[in-house]
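Participant: Okay, sequence plus prediction incoming.
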Amino acid sequence: MTRFVVDASVVVKWFLPEEHAEYARRLLNEGFELSSPDLLRAEVGNVLWKRWRRGDISAEEAGEILRHFRRLPLKIQTSEPLMETAWSVARRFDRSFYDGVYVALAELAGYPLVTADRKLYDALRESDLAEPLLFWVEELDTA
């Protein structure tokens with residue numbers, strides 16, 4: 001079975017109409033084994049809160065998305081053992097510690113990270129981590 005780490009930029013596309021959503025949904029439809037750090041829960045919740053504040057979705061819609069989110073076939077991993085590597089990634093690539101946590105999980109688990117976060121992807125795509133560990137969400141057609 002093919003395994004991937006997914007970040008919040010991909011997961012929110014499973015629920016909200018966004019660019020690249022059809023590619024992101026392929027991860028669910030193809031039956032891949034998907035992992036993410038526990039940080040994902042807070043990040044998805046925060047995206048929903050922002051969308052609610054802007055009036056893009058109702059409070060009821062956000063609640064329904066959260067209920068569906070909790071039932072997803074995701075292996076949620078604790079962030080605690082990822083801290084040191086995440087800090088190193090954040091410093092090395094000038095990305096947030098949050099981004100570093102996703103990259104750290106991919107690196108330590110040995111599964112590629114799928115992202116729709118252009119800044120993260122661009123920061124890593126020329127690095128030694130890119131070839132074994134990084135996919136842009138649209139690249140899954142060739143994965």
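Facilitator: Sure, I can see it. Since the model is a prediction, treat every value here as computed from it, not as a measurement.
Participant: Next up, identify which helix or strand residue 31 is on.
Facilitator: Residue 31 is part of no helix or strand, with elements assigned from DSSP states H and E.
Participant: what about it, distance to residue 64?
Facilitator: Per CB to CB, to the nearest Å, residue 31 is found 24 Å from residue 64. Backbone N, C-alpha and C define where each C-beta goes, glycine included.
Participant: ok, those two, which is more surrounded?
Facilitator: Using other CB atoms under 10 Å, the more surrounded residue of residue 31 and residue 64 is residue 64, with 13 against 10.
Participant: Got the phi and psi for that one?
Facilitator: Backbone torsions for residue 64, taken as degrees, to the nearest 10, come to phi -60, psi -40.
Participant: can you pull the pLDDT of it?
Facilitator: With respect to pLDDT, residue 64 has a value of 97.
Participant: any idea how far it lies from residue 13?
Facilitator: 16 Å.
Participant: Residues contacting the lowest-mean-pLDDT helix or strand in the chain, please?
Facilitator: Sorted by mean pLDDT, DSSP states H and E, the helices and strands of the chain end with helix 130-133, the least confident at a mean of 82. With CB atoms under 8 Å, 6 or more residues apart in numbering as the test, helix 130-133 has contacts from 103, 106-107, 111-113, 124.
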